[in-house]
Each structure stands twice: as C-alpha cells, then as structure tokens.
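Asker: The sequence and its predicted three-dimensional model are supplied below.
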Amino acid sequence: MEAALTGEEAKELVRHIMEDGFNKQDLSVVKASFTEDYVRHGYGGPSANSLAEHIESLKAYHSSLTNARFEIQQMVSDGSSVAVRYILRGTHTGTFMGVAASGNEVERHAVAIFTIVGGKVTEGHIVSDSGGLLEQLTK
C-alpha cells in the first residue's frame, strides 16, 4: 500500500497541476497527475466524467481565453484532499460559454476540493462564479 501524501506534498501536486499543467499548457503534467477515471463535479461550471473530458475542457479554456491562467490565492490540505481558492484570468478571444469573442479581460473566482489517492487526483468538486464570468463576457 502506497503511503498517503503529506499536506505539503498534496498542495505541491495541485500547485504543479495548476501552474505547470494548466498555465503552461503542458497536458503531460495533467495526464500524469490524475487517474483515468477522474470525475469533476462542477457547481457553476462544467462537470467531466473522465480525464479525457477534463483535458478537453482545459483545451477549450485556452482556445477561447488567450493567456488563460490560474492564480492560486489559498490552499489547505490534510494530505488526502486539497482545497484551493483561485482565480481564472484571461482575455476573451474565442467563443466561450456560448458568447462570441469580446476582447474583454475576464476573471472567474472559484474554490476546488480535490481528492488524492495514491499520489493522483481522483475527484474534484469545483464551485465557481460562472454567472459573474458570463456578465464580464457580455459587457
């Protein structure tokens, strides 16, 4: 049986995913850090029923929000889960949430809780202010 991660190791895993995987668009980081059967429960945002669906949604962010990036605000962890408060920022240059490109600088505040088993993320619960984001897209 593999030892559980410490809280600091778990936070470093999520930091690596968000900063090196998403921000630098290195999908190899994402593929190596999640289980194939990863499930993302979206509250105010999209859900995903597999790692493949999750990766497609990450690609969609980058294709419609130029310079899309996560800015981590706060993280806490007990080793088996990580809670992270973050802001998604980018420039709306492609159709996103059904809205044609506006050129607007946008941000969406969110909180995610990730479950980690065997050193990989198995599940995520993401609560995000997509209503506020939609308002920014349409102004």
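Answerer: Received, thanks.
Asker: and Val30, that's in a helix?
Answerer: Yes - according to DSSP: H, G, I helix; E, B strand; the rest coil, Val30 belongs to a helix.
Asker: Would you agree it is in contact with Ile17?
Answerer: Yes - the criterion here is Cβ atoms under 8 Å, and Val30 meets it with Ile17 at 6.4 Å. Just so you know, the C-beta spots here come from the backbone N, C-alpha and C atoms, and that holds for glycine as well.
Asker: Which strand residues bridge the residue nearest to Ala60 when sequence neighbours are not counted?
Answerer: Nearest residue to Ala60 in three dimensions, chain neighbours excluded: Phe96, at 7.6 Å (Cβ to Cβ, 6 or more residues apart in numbering). On the basis of DSSP bridges, Phe96 is bridged to Val99.
Asker: Return the per-residue confidence for Phe96.
Answerer: The model reports Phe96 with a pLDDT of 90.
Asker: That one - how many residues pack around it?
Answerer: Per other Cβ atoms under 10 Å, the neighbour tally for Phe96 reads 21.
Asker: before we move on, what about the one 10 residues further on?
Answerer: Other residues within reach of Val106 by the criterion other Cβ under 10 Å amount to 20.
Asker: So in this protein, which helix runs the longest?
Answerer: helix 51-64 (DSSP state H).
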